[in-house]
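K.L.:
return atomic coordinates for the entry below.
(chains A, B and C)
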Amino acid sequence: MLDVRDLSVSYGTIRAVRGITFTVGKGELVSLLGANGAGKSSTIKAIAGALKTSGGAVTLEGRDITSANPEQVIRAGLATVPETRDVFPDLTVAENLMLGAYIHRRDHAGNRENLDRLHTLFPRLAERAAQAAGTLSGGEQQMLVIARALMARPSVLLLDEPSLGLAPAIVERIFEMIETLKKSGLTILLVEQNVNQALAVADRAYVMRLGAIVASGTADEIRSTSDLSAHYLGG
Amino acid sequence: MAFAIQFVIDVLSLGGAYALMALGLVIIYGILRLVNFAYGELIMVAGYTMFLTSGSGLPWLLMAVLAVVMAIVFGILTDYVAFRPVRAKSVTAVLITSFAFSNLLQNAALLFISPRPRNVPLPDIFSQTVSIGGAITPVRNLITIAASIVLLAAVAFLMRKTTLGIAMRAAATNFTMARMLGVPANLIISSAFALSGFLAGVVGLLWIGRIGTVVPGVGLEPLLVAFIATVIGGMRSLPGAVVGGFLLALIDTTLNYTLSQDLLKFRDAFTFSLVILILLWRPEGLIKGPASGQRT
Amino acid sequence: MKHSYLTALILIAVIAVIAVGSQMIGIRLYDRIATNLLISLVLVIGLQTFMGNSGLLSFAHIGFMGLGAYTSAVLTIPAQMKGMALPDLYEFMKVVEISPLLAMLAAGVVAALVAAVVAYPLMRLSDAAAVITSFALLVVLYTVMNNWSALTNGPRTLFGLPKTTEMPIAAIVAAVVVVVALAFKESRTGKLLRASREDEVAAAALGANIPHLRWRAFILAAFIAGIGGALWGHFITSFAPKAFYLKETFLIITMLVIGGANTVTGAVAGTVLITVAYEGLRGTEATLNAASSGSGQVIGLTEIVLALAMIAVMIVRPGGLFPNREIGHILTRSRRKKEKTA
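P.N.:
Numbers count the residues shown, from 1 in each chain, chains lettered A, B, ... in the order given. Sure thing, here's the model as predicted:
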């Protein structure tokens, strides 16, 4: 589904991502783990088209999206939820969701149906539809950005640290929701520092350190690797 | 009573024009973080289009439409000449190119038309006066008020109710995120410049309608007005720009009626000192703009 | 550090070549152009001390040049002429008449003082707010010059300044300003200021109070602008406030930006290049005007070409001709490279 081959990202002379290779199969939930500064977010941004790659290739369902810009990437079927939880604070919840469906803006019936489905998944967002997104709590904002990404009806969803800075109870709910999405057949790449929780929902995982992939395997294999915490903590 | 009516009409007509000027500037700054120095020249372009078509025998309304269209065209041209090629570079680079483009247009008018004022055709109604409750007022002031109400309502509708408008507001707070949802960057940028040009074009008609002539430097005063109104109203808030425009008109009109002739000469110095003070007190302007924001 | 001396030496040599060269040719026009160039050099380098180190664009610079020109005018116009040149001048100032050299210093001091008072609070601002306030400051200064008739003769031309600016004086001032600008760049203030552009947090950690550093640079720039204004005033001997407004602002910003705002070398290169281009284009305009006598004037062509050049430079080489290294630095580096390969 999503194939990343020898991907490199540089900021000036600093190489943040050094030729990493990984794949996400159809319907799979793959987790990308690693400490702060391991290069996870740079990888996500590069795939999403928000950051220039300095080498390698990204293909989505056989289509090369390596040098695509962000608006082309979403049209190709890959939606990204950045770690910065970027709601448009001055826009209402409904307007935020409406922009999520920008690429389907002519298909009113399809959008309404999709919105109804998301409102059952996130009843909070239905209640607050007319409220400015900036007034939502952190957890609600996280739900909003995920729902907004789903309004684009993507075939692959990139989730960058959805649990960042949220209270444990809310993190729990977010992961429940990720599991629901996975069961619905959505292909997901989940970037996390929260190793245990990520491995609990993931089929497979890759561990990144200093811009390179240092371990990979099924969730169980990764969990049983003894030096995981060393990698995770950044050694 | 007559004086009160006179005063209100003065403030509203001046304020309407100011508000439109400020709005056209803020649309570009809010979304693209560009202080567009070439904004005043769009007003100049509208004026010269009127002058150049004046001998054509076209009905006035058609000439006016043409003038607005030309302002839009030059607005979009600003994007391609001064903004797009350097937008990935530094803030200073973008400022300098827009300043250079402003000089380019002004001097092109000097070279190809004339440094001397040129008459702009105006319909008779612009020079008529009407008496309202004892106050004699030019009809063009009432036209300005009506035009600004219609345009402000139209812009509000565009920004609140249409997908394009909502996408533009989204891009103003987070350009990259808007793109990640599939909103094309180029569409937003071109729309912003086109809308800015449209407002400048209409303002051009109203503004030049007050003077009756156009000169290469005609855009400077509207640019300065837009600067001040924007600063008063908040650098990045569209409603703020409108409020700022009306507030500035209130200040200006009041100073006009109260200041002695000797001090009136220093009016610009007063208002600009006020701008500096306001920015010191609140660098974001009196009314806060959207919460976050980054350059494209 | 050593290459700074080399840079100073080279740039002063350039000034000397311009000064001596134009004298040797012996054409009055060239003498005028060269003197004008040297005065522009003073102004552009003055702007460079602020813009090059702080990274902020200032539109107000020409306003301070105006302050300098008017200060020097009021102090030097002979007492018997003052009745005519400045009819509304305050009584006690009518008798003042000091030497132009002293007046030039006073011009710098007045500009610096005004800058110190006005700019202190402004230096906190950055981005659009900084640009708009500096623009606003230019308008304020211009409005004041245009209307304070007692001191400036209002929007009318002020005349009667003694013509004391000759080529050698302009050359000496320009040379001194080059040295001052280079020294300021290498000073602790200059270095911290430039470091703060790269990384505000790190510079603050080094103990840099950025607004205060910018303030110092701004005062120095205004001082140099004031000197430049006086120098120009005594060269042109009569002028009006509109000489200190947008057109001239555009010109010096063009010079600095095309040459490279970050380096003194860039300021010098840009001034020389643009002056030559400007005079060449002006000549072309004059020829065209002579050829098409009567059928409309050719004006604005020069500015159009400069504006296009400026946009082109911004697109192709946004740092200008000398974006970050001074000429001395470039030469020592290339020599070292050669030694290595040898």
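K.L.:
distance of residue A:175 relative to chain C?
P.N.:
Per CB to the nearest CB, to the nearest Å, residue A:175 is found 35 Å from chain C. The C-beta positions use only the backbone N, C-alpha and C, and glycine is treated the same way.
K.L.:
host element of the closest residue in space to that residue that isn't next to it in sequence?
P.N.:
Leaving aside its sequence neighbours, residue A:175 sits nearest to residue A:197 (CB to CB, 6 or more residues apart in numbering or on different chains; 5.4 Å). Using DSSP states H and E, residue A:197 sits within helix A:195-201.
K.L.:
and residue A:163, by the same measure?
P.N.:
Residue A:163 belongs to no helix or strand, assigned by DSSP H and E.
K.L.:
pretty sure residue C:225 is touching residue C:45, no?
P.N.:
No: at 10.0 Å, residue C:225 does not count as touching residue C:45 under the criterion of CB atoms under 8 Å.
K.L.:
and the contacts of the helix holding residue A:197?
P.N.:
The contact list for helix A:195-201 (CB atoms under 8 Å, 6 or more residues apart in numbering or on different chains) reads A:29, A:31, A:33, A:163, A:171, A:175, A:178-179, A:182, A:190, A:192, A:205, A:219, A:222-223, A:228, A:232.
K.L.:
out of the residues you listed, which sit inside strands?
P.N.:
A:29, A:31, A:33, A:190, A:192, A:205 (DSSP state E).
K.L.:
what's the most distant pair in these?
P.N.:
By the measure CB to CB, A:29 and A:33 form the most distant pair in the ones in strands among the contacts of helix A:195-201, at 12.9 Å.
K.L.:
and the gap between the residue nearest to residue C:333 when sequence neighbours are not counted and residue C:204?
P.N.:
In space, and not counting its chain neighbours, residue C:333 is closest to residue C:325: 7.5 Å by CB to CB, 6+ apart. In this structure, residue C:325 and residue C:204 are 26 Å apart, going by CB to CB, to the nearest Å.
K.L.:
what about these two, which has more around it?
P.N.:
residue C:325 (18 against 14; other CB atoms under 10 Å in any protein chain shown).
K.L.:
which of the three states applies to that one?
P.N.:
coil (DSSP: H, G, I helix; E, B strand; the rest coil).
K.L.:
that older thread, out of the ones in strands among the contacts of helix A:195-201, which are buried?
P.N.:
Buried by 16 or more other CB atoms under 10 Å in any protein chain shown: A:29, A:31, A:33, A:190, A:192, A:205, out of these.
K.L.:
for the first one, name its beta-bridge partners.
P.N.:
Beta bridges link residue A:29 to residue A:188, judged by DSSP bridges.
K.L.:
ditto for the last one
P.N.:
In this entry, residue A:205 is beta-bridged to residue A:31, residue A:217, by DSSP bridges.
K.L.:
tell me who's in contact with it.
P.N.:
A:30, A:31, A:32, A:33, A:198, A:199, A:216, A:217, A:218, A:219, A:222.
K.L.:
quick one: which of those residues is nearest residue B:186?
P.N.:
residue A:32 (31.5 Å).
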